[in-house]
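# predicted coordinates and the sequence they were generated for:
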Amino acid sequence: MTDILMPALSPTMEEGTLAKWHVKVGDTVKAGDVIAEIETDKATMEVEAVDEGVIEALLIDAGTEEVKVNTPIARLSGDDEAPAPKAEAPKAEAKAAEKPKAPEPSDDGEGPAPVLPKKALKDPEIPEGTKMVTITVRDALRDAMAEEMRRDEKVFLMGEEVAQYQGAYKVSRELLQEFGERRVIDTPITEHGFAGLGVGAAMAGLKPIVEFMTWNFGMQAIDQIINSAAKTLYMSGGQIKSSIVFRGPNGAASRVGAQHSQDYSAWYGQIPGLKVVAPYDAADAKGLLKAAIRDPNPVVFLEHEMMYGVEFDIPDVEDWIVPIGKAKIRREGADVTITAHSRMVGLALKAAEELAAEGIEAEVIDLRTIRPLDHETIVESVKKTNRIVCAEEGWGPMGVGAEIVARVIEHAFDYLDAPPARVHQEDVPLPYAANLEALSLPSVEKIVKAAKAVCYK
Amino acid sequence: MARATKASTKTGKGADTGVNASRETLLKYYRDMLLIRRFEERAGQLYGMGLIGGFCHLYIGQEAIAVGMEAIRKPGDQIITGYRDHGHMLAAGMESREVMAELTGRAGGSSKGKGGSMHMFSTEAGFYGGHGIVGAQVSLGTGLALANKYRDNGNVAFTYFGDGAANQGQVYESFNMAELWSLPVVYVVENNQYAMGTSIERSAAETRLHKRGASFRIPGVEVDGMDVEAVAAAGAEAAEQARSGKGPFILEMKTYRYRGHSMSDPAKYRTKEEVDEVKKTRDPIDHLREKLDAAKVGEDELKTIDAEVKRIVADAAEFARTSPEPEPSELYTDVYLEAAE
């Protein structure tokens, strides 16, 4: 004997009207037969039998309203070999009071969800007497890819103009010559599609580097980056990984207008499952890109067009790797903390010089990684300086600075001697006209002004 | 409660190509298709009881496609599909228990309860999901094919999508690259006539979906997706083409879903007569039974299979009901993999 229960016909249905019976007592039904019609607040639905048998009783009259889900509505006789499972209140409800227990928020400040293991991250040692070589950020990125492609056959590069053209910004210069067209793949202009192909190849165990000519075009592919690359490890219970790097220039170049000038740090920085990296100088560009390629997770790697041609000294050591998730104090100071990432670090350092001339010693922190954000370094600095200015190229609302300010307030509220300040792009699409563009973007002057303001000077 | 051995809950491999299928192959088709149907009916029931939440898209009516294509799949070949995925998972050999327990969101589910109906995977079975964004799996499947070509492993990526996804832009971006690079991918369009509530006539300028690859020079054929032998035969040809380095192929499977788009869809956009007509004249399982009759398979033999399937499904439902919910600590696992030193 099997009870047929009032079914739920939508994710939210709790009760409904039993509109009509299609069977009567004594009828024989088999799986798939329509036995009744049920009205919900949204629709009328047919109910099909799942088991075979003879209708022994109709327990609820046709036309009865407000029949609760899981109320027995009919009784079926028949073989009991495969009884319907007993309806039990879904566990979730019974356990509602028992909130998922998050690991206790620890004083490391990471908040309630330490999804990344905490490790003491350290920059590589530079042995005494190591030769420094001067290199552009562009070539540092190129060398990182070349070294990792030599090291691991699974690594390949795909994107628009990366092969024959040698890279729209020449970041992939000479890679085609060394690795051939199997591993350096020119794609059609089809970001959504080739990003999806890259993620698929990563799911199959390869390690693609997907270059977007700029991250502005990468917006076409954001669904694949977030829904496919970032979330699948979780949704598969750990089975499907996407070890993939999405990289390209991010932020405002110069006079290219609103559609080609956007900083995506905050966008991708919000997504669990992604790591987001935004280096400033050549050593970090190389060391972090190598780390990103080796990382088993999807990494969004944000470069800056205006930095590609800038030269920096880089230690001439083999296998230079900089850990993801560790900020760097670029300049020490006791009076105010300035955070910045990517090109803004340069502006922050200049601002610090100007401030020093006026007697204010700024501590400049290069975030380097946006997610996971190394806020310990920031919080420690604020405990010393008691003041903070967050500089970023992107918009202010819901931005990187907004997140940093929130964490500083959470973890160092009592140490603050002034309200935190943010410097960011004005809240407009980036204008083309030279004067308006300059007005819109953050600048050394704006950082200096904000720093003085939090120092009440 | 009846026990099912591990092996018996799998649909497994080893079927013929489907062309001039042997008696054994026909019986295997019957068993696998019936398993999917009974499984889905039971899933519908568990949904009605509130044991399955959210969205639940049933495969009833389309069973011949997953089963017929599985018959010609070779070890290492991948499968990827959208959210109407339970049938594919069972056909690919995933455990009924794990699939059903994932539907109920339990620890015993194939994604530990963290994926749900639309997001299940099994690298072991070569099943790469289970994707909830319409059309996204087409680019991903083409990427699986790119990996096959990169590795020169002779494998094919079977990439399924519906008539609804056939209008997504990334499908054509993928077609272009697949043909341009001769990727070993077979696109299987399960044309069940309705993209949720919108009929193909109301959504597609070109309703002959097997011709949708024409501007990329991708060949395609229309297949009776209600005939498991026709599916296997067409699948074998398409896979051979893809495997031999000639690039992608499109199979448009004409099929029909009996139930609504999801459990909460009353399917009022089509008439009861239309549905009944398909059930009466084109049902893939009934159709196969006629062939089994012709092959002199007796009622007793089928009854044995019916009973076995019933047992597996009841066992899966019981497992899915009694498997515990995932540990709260699972909330934070599988977000990131730890980087190697």
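Yep, that arrived.
# mind picking out the helix or strand in chain A with the poorest mean pLDDT?
Ranked by mean pLDDT, DSSP states H and E, the weakest helix or strand in chain A is helix A:91-94, scoring a mean of 41.
# so A:Asp223 makes contact with B:Ile133?
Yes: assessed by Cβ atoms under 8 Å, A:Asp223 is found in contact with B:Ile133 at 6.0 Å. From N, CA and C alone the C-beta is placed, and that goes for glycine too.
# would you map the strands across the stretch 151-300 of chain B?
For the stretch 151-300 of chain B, strands defined by DSSP state E, counting those that start in this stretch occupy the ranges B:157-162, B:185-191, B:194-195, B:198-199, B:220-224, B:249-254.
# residue ranges with poor pLDDT in the chain?
In the absence of a named chain, chain A is used. Low-confidence segments of chain A, defined by pLDDT under 70, span residues A:79-119.
# not quite, go with chain B.
Scanning chain B for pLDDT under 70 picks out the ranges B:1-20, B:341.
# look through it and tell me its longest helix.
Counting by DSSP state H, the longest helix found in chain B is helix B:23-48.
# quick one: the helix or strand following that helix near chain A?
Remark: after helix B:23-48, the chain's next helix or strand is helix B:63-70, criterion DSSP states H and E. No: against chain A, helix B:63-70 shows no contacts by Cβ under 8 Å from any Cβ of the partner chain, the least distance being 12.7 Å.
# buried stuff in helix B:63-70?
Neighbour counts over helix B:63-70 (16 or more other Cβ atoms under 10 Å in any protein chain shown) mark B:Glu63, B:Ala64, B:Ile65, B:Ala66, B:Val67, B:Gly68, B:Met69, B:Glu70 as buried.
# same deal with stretch B:34-45?
Neighbour-count burial for stretch B:34-45 flags B:Leu34, B:Leu35, B:Ile36, B:Arg37, B:Arg38, B:Phe39, B:Glu40, B:Glu41, B:Arg42, B:Ala43, B:Gly44, B:Gln45 (criterion: 16+ other Cβ under 10 Å).
# circling back: tell me the strands beside the helix or strand just after the least confident helix or strand of chain A, with direction?
Once helix A:91-94 ends, the next helix or strand along the chain (criterion: DSSP H and E) is strand A:132-136. Note on strand A:132-136: by DSSP bridges, its sheet partners are strand A:311-315 (antiparallel).
# now the partner strand, how far from the chain's geometric center?
Relative to its parent chain, strand A:311-315 has a centroid offset of 29 Å by Cα atoms, centre = their mean, to the nearest Å.
# give me the helices and strands touching the next helix or strand after that strand, please.
Using DSSP H and E, the helix or strand that follows strand A:311-315 in sequence is strand A:328-331. Packing partners of strand A:328-331 (3 or more Cβ pairs under 8 Å, 6 or more residues apart in numbering or on different chains; DSSP states H and E): helix A:344-357, strand A:362-366.
# surely A:Gly16 is in a strand?
Yes: A:Gly16: assigned to a strand according to DSSP: H, G, I helix; E, B strand; the rest coil.
# list the contacts of it.
Going by Cβ atoms under 8 Å, 6 or more residues apart in numbering or on different chains, A:Gly16 touches A:Met6, A:Leu9, A:Ile38, A:Glu39, A:Thr40, A:Asp41, A:Glu66, A:Val67, A:Val69.
# again, 7 Å this time
A:Gly16 makes contact with A:Ile38, A:Glu39, A:Thr40, A:Val67, according to Cβ atoms under 7 Å, 6 or more residues apart in numbering or on different chains.
# also B:Val275?
B:Tyr258.
# let's see it at 8 Å
Listed by Cβ under 8 Å, 6+ apart, the contact set of B:Val275 reads B:Tyr256, B:Tyr258, B:Ala267.
# so is the longest helix of chain B next to chain A?
Yes: shown here: helix B:23-48 in contact with chain A (Cβ under 8 Å from any Cβ) through B:Arg38, B:Glu41, B:Arg42, B:Gly44, B:Gln45, B:Leu46, B:Tyr47, B:Gly48.
# can you list those in CSV and add distance to B:Asp77?
Below are these laid out as CSV (distance: Cβ to Cβ, whole Å):
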residue, distance to B:Asp77
B:Arg38, 26
B:Glu41, 29
B:Arg42, 29
B:Gly44, 30
B:Gln45, 33
B:Leu46, 31
B:Tyr47, 31
B:Gly48, 36
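# of these, which is the nearest to A:Pro208?
Using Cβ to Cβ, B:Tyr47 is the member of the residues of helix B:23-48 next to chain A that sits closest to A:Pro208, with 38.1 Å.
# distance of the closest one relative to B:Leu26?
Per Cβ to Cβ, to the nearest Å, B:Tyr47 is found 32 Å from B:Leu26.
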